[in-house]
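In: The following comprises the amino acid sequence and a computationally predicted model.
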Amino acid sequence: AQTVTQSQPEMSVQEAETVTLSCTYDTSESDYYLFWYKQPPSRQMILVIRQEAYKQQNATENRFSVNFQKAAKSFSLKISDSQLGDAAMYFCAYLLYNNNDMRFGAGTRLTVKP
Amino acid sequence: DAGVTQSPTHLIKTRGQQVTLRCSPKSGHDTVSWYQQALGQGPQFIFQYYEEEERQRGNFPDRFSGHQFPNYSSELNVNALLLGDSALYLCASSLGFLHDQPQHFGDGTRLSIL
């Protein structure tokens, strides 16, 4: 079974500081995508960053970067220079190459303190 | 450029009733996926439609059915509603069902079952 685990139900960070959200997943497959989505109170899921499993280089999108450890099946998200607008639920997700059943973790609620 | 739009925003039904939720994909997109997000959990994949056919289905009973129209819009129908069907229903669209194209999510429909 493919599962995604986010072990931190809640995290807090001071504005302008850096925070790391954890995610582990379980699969026997070698070809897949990993995602981090942000869901603010408006409910819309917004793609933050995407990583393809065959790429060794960690994906980066402006202040957001990941630490992808394929052997350890770990996919953490680092948010640098945190802003008030970063406050939201963050979901880690996993998708096999030839499958449309995207699996999500239970989410981490991030609070940003001014 | 309109994004993914869902209607209605919020719906209240009673047990045993039937409900239809609607989704218009982002302009240029032809694939629609539906997800159920229970309170405090990550989204769960219900099914995906492409070329007016159900391409893949998650672990949901036959009470959940869908349709895709020639203009790529989609409906999610749920029959014989149960209290456990109370959730946020998210629609996501993409171009093709190849995974190199990211999904764009709508704001969801909040379904409450009394």
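Out: Nice, I can see it. Just so it is clear, the structure is predicted and the values come from calculations on it, not from any experiment.
In: shaky segments in the chain?
Out: All of this is about chain A. Per-residue confidence of chain A (counting by pLDDT under 70) places the weak regions at A:1-2.
In: that answer is for a different chain, and I need it for chain B
Out: Along chain B, the model assigns pLDDT under 70 to residues B:1, B:97-100.
In: Dead centre of it: give me the residue that sits there.
Out: When chain B is reduced to its mean C-alpha position, the nearest residue by C-alpha atoms, centre = their mean turns out to be residue B:34, at 3.1 Å.
In: The helix or strand that residue falls within near chain A at all?
Out: Here residue B:34 sits within strand B:31-37, counting by DSSP states H and E. Yes - taking C-beta under 8 Å from any C-beta of the partner chain as the criterion, strand B:31-37 and chain A are in contact, through B:33, B:35. For glycine as for every other residue, the C-beta is placed from the backbone atoms N, C-alpha and C.
In: I'd assumed residue B:44 was in contact with residue B:36.
Out: Yes - if you go by C-beta atoms under 8 Å, residue B:36 and residue B:44 touch, sitting 5.1 Å apart.
In: ok, these two, which is more surrounded?
Out: Of the pair residue B:36 and residue B:44, residue B:36 is the one with more neighbours under other C-beta atoms under 10 Å in any protein chain shown, namely 22 against 19.
In: So for residue B:36 and residue B:44, which residues contact both of them?
Out: residue B:60 (C-beta atoms under 8 Å, 6 or more residues apart in numbering or on different chains).
In: Show the contacting residues for the residue in chain A positioned nearest to chain B.
Out: For chain A, the residue closest to chain B is residue A:104, as judged by C-beta to the nearest C-beta, at 3.1 Å. For residue A:104, the contacting residues are A:4, A:37, A:91, A:92, A:93, B:42, B:43, B:44, taking C-beta under 8 Å, 6+ apart as the criterion.
In: can I assume residue A:74 is in contact with residue A:67?
Out: Yes - counting by C-beta under 8 Å, residue A:67 is a contact partner of residue A:74 at 7.3 Å.
In: For chain B, which residues are neighbours of chain A?
Out: For chain B, the contact set with chain A under C-beta under 8 Å from any C-beta comprises B:33, B:35, B:40-45, B:48, B:55-56, B:58, B:88, B:90, B:92, B:97, B:99, B:102-108, B:110.
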